[in-house]
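> 3D model of this:
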Amino acid sequence: MKHRLFDLRRLIGSWCCLCGLLIFWLGGLMPSAEACTTAVISGRITRDGRPILWKNRDYASAPRNEVALLTGGRFRVLAVVNAGSRSSVWMGMNEAGLCIENSLSTDLAEEGTPKGPGNGLLMKQVLQSCATVAEVREWLERTNETGRATTANFGVIDAEGGAAIFEAGPTRFVMFDANDPVVAPHGYLVRSNFATTARELGASPEEDEVGEVASGERYARACRLLEATDSDAVSLEYVVHRMTRDLADEQGESLPGSINASDSALPNLIATANTISRNTTVSAAVFHGVRPGEDPKLTTMWAILGDPKFSVAVPCWVSIETVADPLEGDHGGEIGEIARTLRDASLTADGQVRGEGLPGIWQDVWPVEQRLLTETLEARERWLADGVSERELADWHDRAAQTAFAAMQRELVEAKDAVLQAEFAAQDESVNSGIVRVAIYDHSDGSANGPRNLLRILNEDAGFSASRVTPQQIRDGVLGEFDVLIMPGGSGSAQSKNLEPEGRAEVTRFVNDGGGYVGICAGSYLASANYSWSLGLINARVWDRAHWARGTGQVDLALTTTGCGARPWRRRSGGLLRARPLARAGRRPGLAAL
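Numbers count the residues shown, from 1 in each chain. Modelled structure (predicted):
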């Protein structure tokens, strides 16, 4: 596989953040965007006669998503939510087999200040209280009187074969039935970020009718994809695998080398502003319904956390007792966080996607997804015919999630190793046999264990010249005399406070100018981006405080095969393995040779 064009700063920084020892580069933040694309597909055109509901969620302001179980209403709910939040649902299903999703349509706004549930809260309340599309309609009719703070197209399917879209503003709505051949002659209803009623269009406008409408290109592209299925019937696999990841050019044609035009090479740079799969896509879900009379608990949500181009779909059922660990977490499900790391590492400064790394990822992880789809669909048919226990569903869900997570972990390791190899190769011209000059931060009176132990280990015999530096010395510019700054353990907030704004600026300037930064424990927290006192050296956040632990002990470290081959490692006295250190002149940003 190839990862040569990944952004070294972002990928290595994000990888090391997961490990707790950081080697940092600067990384950028993504702009905000909300540009979802959705479809309601009637069972009359699907391959197995069961309805399908789909949404690609674009919301860069909430990049971390998780799958969550919600209780407290008439029905138990399983949904994709913003990580750590249960106040709103952004796509989900309940134990009655009702599924719902939405796409923002601000053209449904009305005069005055709306009151009542917003888009996400509406979907949560609907799932907790409604069993069918008809009940959703009744719910909307009641809240026409009390009011809603909604401006969205809501797609809904149920266990009775119902499939509809509701374009709902604060005090009125219009329902479109996907099962009605007059309303939906092709058997599906697509929505992006406009409402047909607000534009005085029909339920399924033609492509030339939406040419000047914002997000019309995504609407038209989704319609094209549904019309261009390999057979006359739409399959779940097609929607999961190909629609969620679609890339198109400005003319609305499949981008060469992408999932829907795989017989050629991807361009080096991919602009995603007008495509379904965008650089702001944070998750996707495809809901596979049941036929009337079938067990509604077998309604399945295929959840894709993170950008689908970099992630894997996992089957979920509302009857599970707990969500599989790789899909949940207050700071984002692990699968989604890996996908986000891979995606962010592939972005250019202006938000384009580097094309060269994508085929390698697809080659590695998509066969895993295809196997999950095939095996789960075969098992689902058996379960629909013969029944299935909740325990078996829970075990299947957990195994599928762990399989997907293992594939994503392997991909992250491969990407990290490839990036390190590339960085080491790029540094070869800057390597000599000189001494690495290391500054060890210490705001104590010299009694702190971390700096004292580092000074003992990083001695001249091992190839280092290490010195303790105080916050005042850093403010005075002493880092200009060093190659690497080590921020040891302690308290990240205390380190930041003692550095003061001038010292923090000096550290940032040092790294920007090519100095190495090694964060150990508190030093890693200090360099992250989510605390008020953070240095913000990379776009990384601390997302696993639940397993935070403190202590001392012997730690055994070993080099991977890749690590051994990446540098001319040699053993020095005292047993320390080290590479040839970096020369001061012409040093490259960030990586300390330790």
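> Now R504. Nearest residue, chain neighbours left out?
Nearest residue to R504 in three dimensions, chain neighbours excluded: L535, at 5.9 Å (C-beta to C-beta, 6 or more residues apart in numbering). From N, CA and C alone the C-beta is placed, and that goes for glycine too.
> my read is that neighbour is in a strand, agree?
No: L535: not assigned to a strand; according to DSSP: H, G, I helix; E, B strand; the rest coil it is coil.
> Give the burial count for it, as a bare number.
Burial of L535 is recorded as 25 neighbouring residues (other C-beta atoms under 10 Å).
> do you know how far it is from V484?
If you measure L535 against V484 using C-beta to C-beta, to the nearest Å, the figure is 16 Å.
> Low-confidence stretches in the stretch 301-450 of the chain?
422-433 (pLDDT under 70).
> can you map out the helices along it?
Applying DSSP state H, counting those that start in this stretch to the stretch 301-450 of the chain gives helices spanning 334-346, 358-386, 390-427, 449-457.
> Name the stretch among those that sits most buried.
Among the helices of the stretch 301-450 of the chain, helix 334-346 has the highest mean neighbour count (mean count of other C-beta atoms under 10 Å), at a mean of 27.
> Does anything pack onto that helix? Which helices or strands?
Counting contacts by 3 or more C-beta pairs under 8 Å, 6 or more residues apart in numbering; DSSP states H and E, helix 334-346 is packed against helix 8-19, strand 281-288, strand 300-305, strand 353-354, helix 390-427.
> average pLDDT for the second one?
For strand 281-288, the per-residue pLDDT values average out at 98.
> So what are the sheet partners of that strand and their directions?
Paired neighbours of strand 281-288 in the sheet (DSSP bridges): strand 52-58 (antiparallel), strand 300-305 (antiparallel).
> buried set for that strand?
Neighbour-count burial for strand 281-288 flags 281-288 (criterion: 16 or more other C-beta atoms under 10 Å).
> Out of those, give me the two with the largest separation.
By the measure C-beta to C-beta, V282 and H288 form the most distant pair in the buried residues of strand 281-288, at 21.5 Å.
> any idea how far the closest residue to R74 other than its chain neighbours is from V77?
Leaving aside its sequence neighbours, R74 sits nearest to S129 (C-beta to C-beta, 6+ apart; 5.1 Å). For S129, the distance to V77 equals 10 Å [C-beta to C-beta].
> out of these two, which sits in the busier spot?
Taking other C-beta under 10 Å, S129 and V77 do not tie; V77 has more neighbours (27 against 15).
> ok, now which ones touch the more buried one?
With contact taken as C-beta atoms under 8 Å, 6 or more residues apart in numbering, V77 is in contact with 69-71, 89, 92-95, 124, 127-128, 318.
> Nearest spatial neighbour of it, chain-adjacent residues omitted?
Sequence neighbours aside, L70 is the residue nearest to V77 in space, at 4.1 Å (criterion: C-beta to C-beta, 6+ apart).
> dump the residue contacts of the one you found.
Counted by C-beta under 8 Å, 6+ apart, L70 has contacts 76-79, 86, 89, 92, 124, 127-128.
> at 10 Å what do you get?
L70 makes contacts with 76-79, 81, 86, 89, 92, 94, 124, 127-128, 318, as judged by C-beta atoms under 10 Å, 6 or more residues apart in numbering.
> Could you do D445 as well?
By C-beta under 10 Å, 6+ apart, the contact list for D445 reads T470.
> circling back to that earlier point, now do the shared contacts for S129 and V77.
Taking C-beta under 10 Å, 6+ apart as the contact criterion, the common neighbours of S129 and V77 are 94, 98.
> which phi and psi does the most centrally placed residue in the chain have?
Nearest to the mean C-alpha position of the chain, counting by C-alpha atoms, centre = their mean, stands G306 at 2.5 Å. Here is the backbone geometry of G306 (degrees, to the nearest 10): phi 90, psi 180.
> Leaving out sequence neighbours, find the closest residue to it.
Closest residue to G306 apart from its sequence neighbours, by C-beta to C-beta, 6+ apart: A339 at 2.6 Å.
> Make sure that neighbour is actually in contact with A415.
No: in this structure, A339 is not within contact of A415 by C-beta atoms under 10 Å, at 11.5 Å.
> give me every residue that touches the nearest residue to A163 once chain neighbours are set aside.
In space, and not counting its chain neighbours, A163 is closest to A178: 4.0 Å by C-beta to C-beta, 6+ apart. By C-beta under 10 Å, 6+ apart, the contact set of A178 is 39-45, 51, 53, 133, 155-157, 162-165, 184, 186-189, 203-204.
> now A178: how far from R44?
9 Å.
> Just the pLDDT for the residue nearest to R74.
What the model reports for S129 is a pLDDT of 98.
> ok, how many other residues are close to P114?
For P114, the count of nearby residues is 17 (other C-beta under 10 Å).
> Next: V436.
The number of residues packed near V436 is 24, by other C-beta under 10 Å.
> Count the residues that sit near G351.
Using other C-beta under 10 Å, G351 has 17 neighbouring residues.
> Would you mind listing the residues touching both of A339 and A415?
Common neighbours of A339 and A415 (criterion: C-beta under 10 Å, 6+ apart): 310, 361.
> does L78 count as helix, strand or coil?
At L78 the chain is in strand, as set by three-state DSSP.
> who's in contact with it?
Going by C-beta under 10 Å, 6+ apart, L78 touches 67-70, 89, 92-95, 99, 127, 299, 301, 303, 316-320, 323.
> which non-adjacent residue is nearest it?
In space, and not counting its chain neighbours, L78 is closest to V318: 4.2 Å by C-beta to C-beta, 6+ apart.
> Roughly how far does the one you found sit from S389?
When V318 is compared with S389 (using C-beta to C-beta), they lie 15 Å apart.
> quick one: which of the two has more around it?
V318 (26 against 10).
> quick one: that one from D295, how far?
12 Å.
> Next, count neighbours for Q251.
Other residues near Q251 number 7, with proximity taken as other C-beta under 10 Å.
> Where does it fall, secondary structure wise?
Counting by DSSP states H and E, no helix or strand carries Q251.
> ok, it - contacts?
Neighbours of Q251 in contact, by C-beta under 10 Å, 6+ apart: 217, 274.
> hang on, the earlier thing: and the contacts of L78, which of them are buried?
Buried subset of those (neighbour count, 16+ other C-beta under 10 Å): 67-70, 89, 92-95, 99, 127, 299, 301, 303, 316-320, 323.
> re the thing from before, sort out for me which of the contacts of A178 are in strands.
Among the contacts of A178, DSSP state E puts 39-41, 53, 155-157, 163-165, 188-189 in strands.
> Give me the buried subset of those residues.
39-41, 53, 155-157, 163-165, 188-189.
> Can you show me the helices along the stretch 101-250 of the chain?
Counting by DSSP H, counting those that start in this stretch, one finds helices in the stretch 101-250 of the chain at the ranges 119-129, 133-146, 216-227, 236-238.
> closest one to S528 among those helices?
helix 119-129 (27.9 Å).
> buried ones in stretch 119-130?
Going by 16+ other C-beta under 10 Å, stretch 119-130 has these buried residues: 119-128, 130.
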